[in-house]
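Participant: Generate coordinates for the sequence data below:
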Amino acid sequence: MRSLVIGLTVLALAGGAGIASATRPAVETAIDRDDVSPTRLVTFWFDDMESGENGWTHGDWTASGAPPRFHVDTYMAYGGTGSSWWCGTFDYDADGGYGNSWYEYLDIPATDISSAGPYAILTFAFRYDSEATYDFTYIQAESLGVWQDLEAFDGFGAWFDIGAYGYLIGAYDNPFMGRFLFSSDGAWSDEEGNNTVGGGFACDNVKLFDFYNSTVLFYDDVEGGGLCVPGHPGASGDWWHIRSDYCSSFSVPNSWWCGDDADTSLIPPLLQNWLDTPWINISGAATCTHHSLVHVEIPTVDNDYYTCDVTFDGATYYNLRASWGDFGTCDGWSGNANTGWAIDGLAAGWPQSQCQFEWTFWTTANGCGPGTGGGAGMTIDDVWLDGYDTSVEERSWGGIKALYR
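Facilitator: The predicted structure is shown next:
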């Protein structure tokens, strides 16, 4: 089971230009493995995407086919007996919790509230336990076909019954469409050892009624299977691909792009697209630093973002960066070309024999874009590793060829 370790996380609001001075690594004119010393900087691997995918892999996490996580359960039910709706699992620990990158909802069936007029009320009992500031449960109502937040909860809250003074919903669409939406980010959940108890969200006694005369329009006490409807997004599609574009590439013409060729101004909603480098041989590396260049058109107003992680075994992932920003179309590159991210200090078992890097692009329920330049998405170009190497063994011919592209 994959886990994520927060290492050198850098959160950045990149509102304008990137690092204009970013350059490719210097290519050595000769490689004599007998002459390698701890004081000689070596390029272990380099790819500018001009050879195509070249061992990279990519995909869509939302296409996993897992059933919705909202379900009827007796665990920690309201009042200590019976059943409640719970968005949680025992997959990660014995006291219940949730995982990374969940986007789960529980729909209230469409209900005619016209008889209640302005006195239509939504009420329920609920509890929650999720990472404060980052993982939320939203109470939502649909207005003109768009989901509107009534309130959001994060952190911890014990069972609480809102009672008769709930949410006024008469001004929203009729038939009324409401839902509970649980959303977690890409890190620090029970999946990684952040041990919530019964996380992330549970609810019971969901009711729509007329406050004026107490007429009940809908009621789900969750006994007998529940009347609300759990769900989560289907596959978003895999949008990572090699793009040949003299405008969008740092070293022209090829680069990786997560975007839609048919509509470059918008990235689809609820995207969780990953892109992995090939496994890279770093055996003999005394130190090792990752470098990469990115161009992003990810407006900062809507919580869309990307992450970059490294793994040495395919199971534990160390976060190097979580970021967003809007550079404008064909304007600006950012990354760590000048200083890099040292990866030799991340794993307790250093030195390591191999590593792999993973970028993931995440979008919210309304997608990403357009940015100030009218575009949307992110581009990755020129990725390399360098460091000091104490090995005297010759590397593979494929690794050597990469230095001479």
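Participant: helices or strands next to the strand or helix carrying H71 in the packing?
Facilitator: Per DSSP states H and E: H71 is located in strand 70-73. Using 3 or more CB pairs under 8 Å, 6 or more residues apart in numbering; DSSP states H and E, the elements in contact with strand 70-73 are strand 84-87, strand 103-111, strand 229-231. Where you see a C-beta, it was placed from the backbone N, CA and C, and this is true even at glycine.
Participant: wait, what's in contact with D95?
Facilitator: By CB atoms under 8 Å, 6 or more residues apart in numbering, the contact set of D95 is N195, V197, G198.
Participant: Give the buried residues for the strand holding H71.
Facilitator: Buried residues in strand 70-73, counted by 16 or more other CB atoms under 10 Å: F70, H71, V72, D73.
Participant: Which one of the helices and strands packed on strand 70-73 lies nearest to D344?
Facilitator: Set against D344 and scored by CB to CB, the helices and strands packed on strand 70-73 come closest in strand 103-111, at 35.1 Å.
Participant: Name the next helix or strand downstream of that closest one, please.
Facilitator: Scanning onward from strand 103-111 (DSSP H and E), the first element met is strand 120-130.
Participant: Kindly indicate which of the buried residues of strand 70-73 lies nearest I280.
Facilitator: F70 (40.0 Å).
Participant: right, and the closest one touches D107 too?
Facilitator: No. Taking contacts as CB atoms under 8 Å, F70 lies outside contact range of D107: 9.3 Å.
Participant: Now list whatever residues contact both of these two.
Facilitator: With CB under 8 Å, 6+ apart as the test, F70 and D107 both reach C228, P230, G231.
Participant: ok, the residue of the chain most remote from its centre to G193 distance?
Facilitator: Within the chain, the residue lying farthest from the chain centre (CA atoms, centre = their mean) is N213, at 45.4 Å. As judged by CB to CB, to the nearest Å, N213 and G193 stand 51 Å apart.
Participant: G325 now?
Facilitator: When distances are taken as CB to CB, G325 and G193 turn out to be 30 Å apart.
Participant: T43 too?
Facilitator: In terms of CB to CB, T43 sits 36 Å off from G193.
Participant: of these two, who's got more company?
Facilitator: T43 (19 against 13; other CB atoms under 10 Å).
Participant: That one reaches W384, doesn't it?
Facilitator: Yes. Between T43 and W384 there is a contact at 6.0 Å, judged by CB under 8 Å.
Participant: Where does pLDDT dip in the stretch 151-300 of the chain?
Facilitator: Along the stretch 151-300 of the chain, segments meeting pLDDT under 70 span 246-248.
Participant: And the strands in it, which stretches?
Facilitator: 155-161, 167-168, 176-183, 201-210, 216-220, 229-231, 240-244, 254-258, 272-276, 280-281, 289-298 (DSSP state E, counting those that start in this stretch).
Participant: which one of those strands lies closest to C355?
Facilitator: Closest among the strands of the stretch 151-300 of the chain, using CB to CB: strand 280-281, at 5.4 Å.
Participant: care to break the chain down by domain?
Facilitator: The chain breaks down into these domains under automatic domain parsing: 3-62+236-402, 67-231.
Participant: end-to-end on the shortest one?
Facilitator: Right, the one you point to is domain 67-231. Criterion CA to CA, to the nearest Å; first-to-last residue distance in domain 67-231 is 8 Å.
Participant: gap between that domain and the chain center?
Facilitator: In terms of CA atoms, centre = their mean, to the nearest Å, the centre of domain 67-231 is set 22 Å apart from its chain centre.
Participant: so what's S189 up against?
Facilitator: Residues near S189 by CB under 8 Å, 6+ apart: Y92, G97, Y98, G99, N100, W102, E131, D135, T196, G199.
Participant: An error on my part: the question was meant for G166.
Facilitator: By CB under 8 Å, 6+ apart, the neighbours of G166 are I121, L122, T123, F124.
Participant: From G349, how far out is it?
Facilitator: For G166, the distance to G349 (CB to CB) stands at 53 Å.
Participant: Repeat that for R40.
Facilitator: On the measure of CB to CB, R40 and G349 end up 24 Å apart.
Participant: Show me which of those two is the more surrounded one.
Facilitator: Set R40 next to G349 and count neighbours by other CB under 10 Å: R40 wins out with 11 against 8.
Participant: Quick check: phi and psi on the closest residue to that one other than its chain neighbours?
Facilitator: In space, and not counting its chain neighbours, R40 is closest to Y388: 6.9 Å by CB to CB, 6 or more residues apart in numbering. Main-chain dihedrals, Y388, degrees, to the nearest 10: phi -100, psi 130.
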